[in-house]
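# Task: produce atomic coordinates for the following.
(one chain, ligands or ions: 2)
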Amino acid sequence: MDEDFKIKQVKGLLALDSRGNPTVKAIVKTERGIGVGISPSGASKSSKEAVELRDGGKKWNGMGTSIALSKLNEVIAPRLVGIDSRKQAEADILLVALDGTSNKSSLGGNTTTAVSIATSKAAASTAGLELFEYLGGVGSKVLPTPILNVINGGVHAGNNLSFQEHILIPAGAGSFSEAIRMAVEVYKNLKEVIKEKYGKNSVNVGDEGGYAPPMNSSREAFEAISAAIKKAGYSLGSEFFIGIDPAASEFYDKEKRKYIVEGKEMATADLLEYYKELVDEFSIIYLEDPFDEDDFEAFKEITKELSKKVLIVGDDLYATNVTYLRQGIEARATNAALVKVNQVGTVTETLNYVRVAKEAGMRPVVSHRSGDTEDPFIADLAVAIGSGIIKTGAPARSERVSKYNRLLEIESLLGPSAMFLGKEPFLRSM
Ligand code: PGA
Ligand code: ZN
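Ligands and ions are numbered 1, 2, ... in the order given. Below you'll find the predicted structure:
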């Protein structure tokens, strides 16, 4: 029986991500099971993340992954063969040791992420368990409240919006599938609202499937979302709420120590004021990376002021890394922590980060990347850890929808025991 779980074969293959960039796909086989993992890739990356190994040079505009794939096939594969696929920590510690750097720059975080995910899936498949059950146990019953980036800006879109993500939150729904239906209805109405005001050239979409209209301020974006909520027959503040991921490091001028927002220079205090106005005007309950990724003090300030009504989330601030998370806990910098497996590079390190966040009373929020793939791993991860919230883009484009579709499947598998917490996961004051 134990023999069945032994890793027999590990293979790396080229795949493309949703932006058409090469990425790493890993296939791990046991005697009776198989797991496939594909690494996603960010655009507004934190400087604290695991490094992606890219070939450089002319081919693929420097983005090739042939070195990463040869490391996978020649360095990692021979060492993983023979290990029990259920020993996720043993396999991941081996990856960390083989890499030998603090940021996975030798093997590449893109390489280790794919292998680590594939290993967990191979074990689940060999055991005949659903991945979320295998990773989280029999208590894994909470379907996350989806938060959907429906207007894209920043480095995810070719428009003038400084803030990266304008997020629709169907927290008043009674179930996951109802939340998705309501979100789709608003997403469709949003298209009409944008078309009416900005013309038909304005409904093209950005990297995460949200519209990328030629707006100049986030207020315009939230006004359009509010109008779409109303047009769909819902109300903002009870059925729907709004979230923002400004990804503030992207518009922070480190020299001037100023944020360049919507054509204006803003000091930290000005930006804080702007957030407070938006929170009150638009029923905002989620705010990720409001300040630069190194400014723990500014995070601490906003958390002190808003944590009773808003989830303040560290993404680039923590980069799914317990070292930075511990700094945030110490400083009471946020009341939530974003979770992206490829920021740290292994499933084991991700689960450890989630444990530390939860122990500190911080809400873990599972997230996709702007360059993503058909791999729905994070859907199972969200249910396994009981994150209560998942951020995986607009309800459009297959790399986004693959996660929603997997969650719909999990909801159906769980049947009447499936739980959906709606707004509850957002209420977490520090
Ligand atoms: P990224 O952005 O995947 O481009 O880094 C997503 C986010 O900031 O949450
Ligand atoms: Zn973010």
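# Around residue 295, how many other residues sit close by?
Using other CB atoms under 10 Å, residue 295 is surrounded by 18 other residues. C-beta: built from backbone N, CA, C; applies to glycine.
# Run a quick neighbour tally on residue 269.
As a burial measure, residue 269 scores 10 neighbours (other CB under 10 Å).
# residues touching the residue in the chain positioned nearest to ligand 1, list them.
Minimum separation of the chain from ligand 1 (CB to the nearest ligand atom) falls at residue 42, amounting to 2.7 Å. Applying CB atoms under 8 Å, 6 or more residues apart in numbering to residue 42 gives the contacts 49, 340, 342, 343, 369, 370, 371.
# and the nearest residue to the fifth one once chain neighbours are set aside, how far is that from residue 119?
In space, not counting the residues next to it along the chain, residue 369 is nearest to residue 40; the distance is 3.7 Å by CB to CB, 6 or more residues apart in numbering. Counting by CB to CB, to the nearest Å, the gap from residue 40 to residue 119 is 17 Å.
# These two: which is more packed in?
For residue 40 versus residue 119, the count of surrounding residues by other CB under 10 Å is larger for residue 119: 30 against 24.
# Now do the same contact list for that one.
So residue 119 contacts 7, 28, 35, 37, 80, 85, 88, 91, 92, 347 (CB under 8 Å, 6+ apart).
# what about it, helix or strand, and which?
Using DSSP states H and E, residue 119 sits within helix 109-127.
# next helix or strand past that helix?
Next along the chain after helix 109-127, taking DSSP H and E as the criterion, comes helix 131-136.
# For that following helix, what does the pLDDT average out to?
The pLDDT scores in helix 131-136 average 98.
# List the buried residues of that helix.
Judged by neighbour count using 16 or more other CB atoms under 10 Å, the buried positions of helix 131-136 are 131, 132, 133, 134, 135, 136.
# isn't the last one right up against residue 386?
In this case it means residue 136. Yes: assessed by CB atoms under 8 Å, residue 136 is found in contact with residue 386 at 7.1 Å.
# Let's verify residue 11: helix, strand, or coil?
At residue 11 the chain is in strand, as set by DSSP: H, G, I helix; E, B strand; the rest coil.
# and it, what does it touch?
Contacts of residue 11 by CB under 8 Å, 6+ apart are 26, 27, 29, 72, 73, 77.
# Could you identify which of these has the most neighbours?
Compared across the contacts of residue 11, residue 26 has the highest neighbour count, 31 neighbours, by other CB under 10 Å.
# Okay, and that residue sits in which element?
Following DSSP H and E, one finds residue 26 within strand 22-30.
# Point out the other helices and strands that that strand packs with.
Using 3 or more CB pairs under 8 Å, 6 or more residues apart in numbering; DSSP states H and E, the elements in contact with strand 22-30 are strand 7-16, strand 34-38, helix 109-127.
# Output these as a markdown table; include the columns mean pLDDT.
Output for the helices and strands packed on strand 22-30, formatted as a markdown table (pLDDT from 0 to 100):
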| stretch | mean pLDDT |
| --- | --- |
| strand 7-16 | 98 |
| strand 34-38 | 99 |
| helix 109-127 | 99 |
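# so is residue 222 in a helix, a strand, or just coil?
Following three-state DSSP, residue 222 is assigned to helix.
# Can you report how many residues neighbour it?
The number of residues packed around residue 222, counting by other CB under 10 Å, is 21.
# again, but for residue 279
19.
# thought it was touching residue 290?
No: the criterion here is CB under 8 Å, and residue 279 misses it with residue 290 at 10.4 Å.
# For this structure, which residues are neighbours of ligand 1?
Contact residues, the chain versus ligand 1 (CB under 6 Å from any ligand atom): 42, 43, 44, 45, 164, 245, 247, 315, 367, 369, 370.
# Neighbours of the nearest residue to residue 396 once chain neighbours are set aside, how many?
Of all residues not flanking residue 396 in the chain, residue 209 sits nearest, at 4.2 Å (CB to CB, 6+ apart). When neighbours are counted by other CB under 10 Å, residue 209 registers 25.
# Ok, the one 10 residues further on next?
Here the count is done by other CB under 10 Å, and residue 219 has 15 residues near it.
# Contact partners for it?
With CB under 8 Å, 6+ apart, residue 219 has these contacts: 278, 281.
# Could you measure from it over to ligand 2?
Taking CB to the ion, to the nearest Å as the measure, residue 219 falls 20 Å from ligand 2.
# same deal with residue 235?
27 Å.
# is it true that that residue touches residue 229?
Yes: between residue 235 and residue 229 a contact is recorded at 7.0 Å, counting by CB under 8 Å.
# the more surrounded of these two?
Comparing residue 235 with residue 229 by other CB under 10 Å, the one with more neighbours is residue 229, at 26 against 12.
# what sits against that one?
Residues near residue 229 by CB under 8 Å, 6+ apart: 168, 186, 189, 235, 236, 239, 240.
# Ok, residue 351 next?
Residues near residue 351 by CB under 8 Å, 6+ apart: 135, 385.
# What segments of this protein are helices?
66-70, 77-80, 88-99, 109-127, 131-136, 176-198, 218-231, 268-282, 296-306, 322-331, 341-344, 347-359, 377-385, 398-414 (DSSP state H).
# I am finished for the moment; much appreciated.
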